[in-house]
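K.L.:
Quick check, what structure comes out for this input:
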Amino acid sequence: MEIQRYINLVREIDHKIFDKNYHFIDFNQIRLKTSKIHKDYIDKVLQNIKYKKYDKIIGICPFSQTSMRKDMNFNLNEWLKIVNMLSNKFQNYLFLILSYPKANNFDYQKNNVFVFKNNNDLLNLVEITSRLDLLLSSDTGNVHIADNLKIPTLEIISKKTYNQWRGGWYGGYCKAIPLPYKWNKNKDKYLDKFISEAILILNKL
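P.N.:
From the prediction side, this is the model:
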């Protein structure tokens, strides 16, 4: 994994000192932090959609410029199929589709599904991610934020980068479904697998 490569580079400075002291490092110190401004902003967003009447908050992140460009992502209609199926099955859960400025023309709402339209402040995304009980995502930066915050995650990721970039480094739960080359020939298989895995995880929350 990429993060292990960086740790190995640090170890090259002095193996003996590294091996003796590595276990003393408190990795909680690298947990992402937000300010009162961000907490208040997200409080207001959630209060506006009456989040307290739901048992859990599930994040959905369908947007990823890199994986979409490399054809390693479900399209938006397929993500909406996932959202519809899960939100109908788990009506006591709030499903938040996490948007970003370039996609803020996207709008969708029904019963227990809402769109979070962030501004350019990345820490708002960090704060709302910290409130999630589960993130369902394409391979994008949101996964790494959730990973850092130990938010359970189910992601799709290309098989080529599976060992390098998937989540699960910080001690939390991350299930990654690798997509092989030309996976589109069996797209329904991977779509069904993602939905099945999501249902299994949601049933255990």
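K.L.:
Just want the most central residue of this protein.
P.N.:
residue 143 (3.6 Å; CA atoms, centre = their mean).
K.L.:
Report the buried residues of the helix or strand hosting that residue.
P.N.:
Per DSSP states H and E, residue 143 falls inside helix 141-148. The neighbour-count check on helix 141-148 (16 or more other CB atoms under 10 Å) flags 142-148 as buried. The way it works is simple: take the backbone N, C-alpha and C, and place the C-beta from them, glycine included.
K.L.:
Kindly report the same for stretch 99-114.
P.N.:
99-100, 103, 112-114.
K.L.:
any idea which of those is closest to residue 15?
P.N.:
residue 100 (41.9 Å; CB to CB).
K.L.:
And the pLDDT at the closest one?
P.N.:
On the pLDDT scale, residue 100 is placed at 80.
K.L.:
That one against residue 62, yeah?
P.N.:
No: in this structure, residue 100 is not within contact of residue 62 by CB atoms under 8 Å, at 10.9 Å.
K.L.:
what separates residue 141 from residue 167, distance-wise?
P.N.:
Taking CB to CB, to the nearest Å as the measure, residue 141 falls 11 Å from residue 167.
K.L.:
Let's test this: mean pLDDT of the helix holding residue 143, rounded?
P.N.:
94.
K.L.:
now stretch 111-118
P.N.:
94.
K.L.:
Pull that stretch out as CSV, backbone CA atoms only.
P.N.:
Listed next in CSV are the C-alpha coordinates belonging to stretch 111-118 (Å, rounded to 0.1, in the frame of the first residue of the first chain):
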residue,chain,number,x,y,z
ASN,A,111,-38.2,10.3,1.4
ASN,A,112,-34.9,9.3,3.2
VAL,A,113,-32.5,10.4,0.5
PHE,A,114,-30.9,13.8,0.4
VAL,A,115,-27.9,15.4,-1.4
PHE,A,116,-25.2,17.2,0.6
LYS,A,117,-23.9,20.0,-1.6
ASN,A,118,-20.6,21.1,-0.2
